[in-house]
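fold the following, please.
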Amino acid sequence: MAIHLLEDGIFVNRGPLFGPWLPIYGVGGTLGIIMLKKMIDNPLLTFFTLIIMCSVIEYSTGWFLETFLHEKYWDYTGYFGNIQGRVCMEGALAFGFAGCGGIYILAPMVDDFLKRFTRKTQAIICSVLIVLFVCDMVYSKFNPNVGKGITEYTSCPITGITDETNN
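Numbering: from 1, shown residues only. Sure, this is the predicted structure:
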């Protein structure tokens, strides 16, 4: 979304939901933080494990979206090291670096921020976010976020690779 905003000057919600969240990143980030705690002292191992883990998540999510929702939210066909257009080497490396940034920088900052609140306030914030997320999932089930810039696009702002319509 940030790349699209910088390149085109407009915000496009690129995910299947209408809210300000992309579940694939939330799942990847949460799993990374939980599953990789034991290797946090080894950034190189963490990096390569994130590459594999995030690629599996991205491939599985792409397969699910295409198979059950009949939508394609990304297509890496033409990228180096792509597998059925669902994952590619460039994306895997980006997720490795972003995941390390999340684990070593962002997660400790968020943790420190949340420690400022009481347990009760944390529970309220969490409950409100869960309710909003579930409502968004239900709404999006019947009204998926699709169309220009989401499931239909003409070129990648980074590589310029053209892909007319993914539906």
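
in the longest helix along the chain, what's buried?
Longest helix in the chain by number of residues, with DSSP state H as the criterion: helix 119-142. Using 16 or more other CB atoms under 10 Å as the test for burial, helix 119-142 gives 136, 140. No exception for glycine: its C-beta is placed from N, CA and C like everyone else's.

do you know how far the most centrally placed residue in the chain is from Ala123?
Central residue of the chain (CA atoms, centre = their mean): Tyr25, 2.8 Å from the mean position. According to CB to CB, to the nearest Å, Tyr25 and Ala123 sit 24 Å apart.

and the helices in this structure?
So, for the chain - with DSSP H - the helices run 2-8, 23-35, 43-64, 89-101, 107-114, 119-142.

okay, the ones you listed in JSON lines with mean pLDDT next?
Below are the helices of the chain laid out as JSON lines (pLDDT from 0 to 100):
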{"stretch": "helix 2-8", "mean pLDDT": "71"}
{"stretch": "helix 23-35", "mean pLDDT": "89"}
{"stretch": "helix 43-64", "mean pLDDT": "96"}
{"stretch": "helix 89-101", "mean pLDDT": "95"}
{"stretch": "helix 107-114", "mean pLDDT": "94"}
{"stretch": "helix 119-142", "mean pLDDT": "93"}
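
out of these, which gets nearest to Gly15?
Smallest distance to Gly15 across the helices of the chain (CB to CB): 7.1 Å, for helix 23-35.

run through who's touching that closest one.
Applying CB atoms under 8 Å, 6 or more residues apart in numbering, the external contacts of helix 23-35 come out as 15-17, 50, 53-54, 57-58, 61, 95, 99, 102-103, 107.

list buried residues within those residues.
So, of the contacts of helix 23-35, 15-17, 50, 53-54, 57-58, 61, 95, 99, 102-103, 107 end up buried under the neighbour-count rule (16+ other CB under 10 Å).

just give me the closest of those residues to Pro43.
Ile103 (8.8 Å).

residue contacts, the closest one?
32-33, 36, 40, 46, 50.

same thing but at 10 Å, please
Residues near Ile103 by CB atoms under 10 Å, 6 or more residues apart in numbering: 29, 32-33, 36-37, 39-40, 43, 46-47, 50.

who wins for neighbours among the residues you listed?
In terms of neighbours by other CB atoms under 10 Å, those top out with Leu50 at 26 neighbours.

which ones are touching the residue lying closest to that one once chain neighbours are set aside?
Spatial nearest neighbour of Leu50, chain neighbours left out: Gly99 (3.7 Å); criterion: CB to CB, 6 or more residues apart in numbering. The contact partners of Gly99, by CB under 10 Å, 6+ apart, come to 25, 28-29, 31-33, 36, 46-47, 49-51, 53-54, 106.
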